[in-house]
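> fold the following and give me the result.
(2 chains)
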Amino acid sequence: MLEEIGTSAEGDLIINVGPQHPSTHGVLHLVITLQGETIKKVEPHLGYIHRSIEKMCESLSYRQFIYVTSRMDYLSSHINNLGCALAVEKGLQVEVPRRAMVIRVLMSELTRLASHQLWWGAMAMDIGALTPFFHAFREREMINDIMEETCGARLTMNYMVPGGVMFDLHPDFQKKVKEFIAHFKGKIDEYDELLTGNVIFRERTVGVGKISREDAISYGCSGPVARAAGVSCDIRKHAPYDMYSELKFDEILHTDGDCYARYLVRMQEMRQSLNIIEQLIDNIPEGDFQAKTKAVLKLPKGEYYSMVETARGEFGVYIISEGAMTPYRIKFRSPGFSNLSALDHMAKGSKIGDLVAIMGTLDLVIPDIDR
Amino acid sequence: MGFLKNYIKTVYEAVSSLLKGMKRTGYYFTHHKEIITQSYPDNKDTMILPERFRGEVVMPHTDSNEHRCTGCTACELACPNGTIKIITKFEMTPEGKKKKALDTFVYHLELCTMCNLCIEACPTNAIKMAQNFEHSVYDRSQLTKTLNKEGSKLMEGVE
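Prediction:
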């Protein structure tokens, strides 16, 4: 854990966590200034997994650039792809068939479930509970199998294309999703039994890593991190895309802004996702799964922005087009980057052991931060 | 007294929350059949992977060594990584005309991200995704493959 130990001029201890520390879930490098055991400052150093995705996209066509975004937030790759597809559709002004929209929402919610399950297991493992990890991966495997059958891949699907989705649903899809819902409804109560009420877990998370509503807004937090602090920011509610305006679901809001509130928001979001899937799974309309688009896509000159709610927060795609086959400039607004910027504020004044709990509930995916 | 009552209550709640979790763990400890541990799929011959599973790009050939690729380079243009390189040649048709045909279909597996865009782009369904998922080799050069078999030619009727 300690790569390099130094002291500052005031006699504070400076330690490095990472870039390969297991609790950082990737190559995140934190320089922590400690006074005794109390954290004075946390400084994230980024860039270890920077692949210049935004620059790469400038040389790829509007069909090709979508697959790259699966490699950013790899746990919600479907939703990232959807954000890109929506931005391109905005420029092309194509009407997406209703069947494709329903498939997209179903896939997005399944991805959100899979992402939250992995977060639940990994976060519990960070804090010191090993059992949840195996429970979470058992259920996640079912979703991965569903994805594998319909999309052909388990993690980086590249299933959303401008105008719809790449393939039609697999004939077994509805049956398997219903099986999964029936199975997971029992298991999510088991999750609560294992961890939510546990006294050790509560001691580690309640009141730890607090952030106020105002601070969450000014740091640009989004997703469960902001909603735990009382900021109503669910894109699915405030700027609904695809089918979300017709669906009934609640936006989960808590006001404490600590690690436990962030935990509860995600746990309740899983139930909401199940609710959304249940509403749609029996009402998949017949029809095309892809609108007819030209072989070579060219966006008219202009600027296009679309945003989607990934498992981590707001993901935005900003395309500037000069009318050519490739975009002039693409900017991605990734939720992980803004959420990480609040880490220093949350961790200040707490003990070094709490840092792992804070990082765990921020749900960091490093390739999403570095791009 | 109030302090003591609170103290006992906290201890009781703490212990009961721990026991609740232990009960769940104990349930799985005594129910071995519900534990799902999967071993590595060594049964590759009998294992059935989903039809759409993307493992690598292959070019199906018929028994008489014919493929469906016309060498139009649509897949090469669709590929985001430069995975596919198509080398064409000119063949003489029976009428004595020059016609473009496929010479070598070079496929760099080491660059491929299995995005399926080449399969979507192909107008003649000449290539498809295979289910093979084990690609480790000792030398990187072995991952550069030629997809069309030696001496193969274009299937009749495919334009």
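> got the phi and psi for A:Gln35?
Torsion angles at A:Gln35 (phi, psi; degrees, to the nearest 10) stand at phi -120, psi 100.
> that one: what's it in contact with?
Residues near A:Gln35 by Cβ atoms under 8 Å, 6 or more residues apart in numbering or on different chains: A:12-13. For every residue, glycine as well, the C-beta is placed using N, CA and C.
> ok, it to B:Thr25 distance?
39 Å (Cβ to Cβ, to the nearest Å).
> secondary structure element for whichever residue of the stretch 251-371 of chain A sits closest to chain B?
Using Cβ to the nearest Cβ, the single residue of the stretch 251-371 of chain A nearest to chain B is A:Ala295, 8.1 Å away. A:Ala295 is part of no helix or strand when elements are defined by DSSP states H and E.
> ok, B:Glu150 next?
B:Glu150 belongs to no helix or strand, assigned by DSSP H and E.
> what is the neighbour count of it?
Residues near B:Glu150, counting by other Cβ atoms under 10 Å in any protein chain shown, number 6.
> outline the domain layout of the chain.
Using chain A. Chain A breaks down by automatic domain parsing into domains covering A:1-48, A:50-370.
> meant chain B actually
Domain segmentation of chain B under automatic domain parsing yields B:2-34, B:56-154.
> point out the most buried one among the ones you listed.
domain B:56-154 (a mean of 15; mean count of other Cβ atoms under 10 Å in any protein chain shown).
> show me the helices in the stretch 201-350 of chain A, by range?
For the stretch 201-350 of chain A, the helices defined by DSSP state H, counting those that start in this stretch occupy A:213-218, A:224-228, A:235-238, A:259-281, A:335-341, A:343-347.
> what helices or strands is the shortest one leaning on?
In terms of contact count using 3 or more Cβ pairs under 8 Å, 6 or more residues apart in numbering or on different chains; DSSP states H and E, helix A:235-238 is assigned the packing partners strand A:302-309.
> report the mean per-residue pLDDT for the strand it packs on.
Averaged across strand A:302-309, pLDDT comes to 90.
> and it, what does it pack against?
helix A:77-92, helix A:235-238, strand A:314-321.
> need the contact list for A:Cys221.
A:211, A:229, A:231, A:313, A:338-339, A:342.
> please redo it, this time with the cut-off set to 10 Å
Shown in contact with A:Cys221 (Cβ atoms under 10 Å, 6 or more residues apart in numbering or on different chains): A:211, A:215, A:227-229, A:231, A:233, A:257, A:313-314, A:335, A:338-342, A:345-346, A:362.
> now, of those, which are buried?
Among these, those buried by neighbour count (16 or more other Cβ atoms under 10 Å in any protein chain shown) are A:211, A:227-229, A:231, A:233, A:257, A:313-314, A:335, A:338-340, A:342, A:345-346, A:362.
> before we move on, the earlier item: mind putting the domains of chain B in JSON lines, distance to chain A and mean pLDDT included?
Shown next, in JSON lines, are these (distance: least, Cβ to the nearest Cβ, whole Å; pLDDT from 0 to 100):
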{"stretch": "domain B:2-34", "distance to chain A": "4", "mean pLDDT": "83"}
{"stretch": "domain B:56-154", "distance to chain A": "4", "mean pLDDT": "85"}
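> secondary structure element for residue 51?
As the question left the chain open, I've gone with chain A. Secondary structure assigned from DSSP H and E places A:Arg51 in neither a helix nor a strand.
> then B:Val11?
Applying DSSP H and E, one finds B:Val11 within helix B:2-30.
> now that helix: how far from the chain's centre is it?
Computed by Cα atoms, centre = their mean, to the nearest Å, the chain-centroid distance of helix B:2-30 equals 47 Å.
> quick one: list the elements packing against that helix.
helix A:131-151, helix A:173-191, helix A:199-205 (3 or more Cβ pairs under 10 Å, 6 or more residues apart in numbering or on different chains; DSSP states H and E).
> as a markdown table, those with mean neighbour count would be great.
Formatted as a markdown table, the helices and strands packed on helix B:2-30 follow (neighbours: other Cβ atoms under 10 Å in any protein chain shown):
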| stretch | mean neighbour count |
| --- | --- |
| helix A:131-151 | 20 |
| helix A:173-191 | 15 |
| helix A:199-205 | 18 |
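> can you name the residues of the stretch 151-300 of chain A sitting close to chain B?
Neighbours of chain B within the stretch 151-300 of chain A, by Cβ under 10 Å from any Cβ of the partner chain: A:151-154, A:156-159, A:161, A:166-167, A:170, A:172, A:190-203, A:290, A:295-296.
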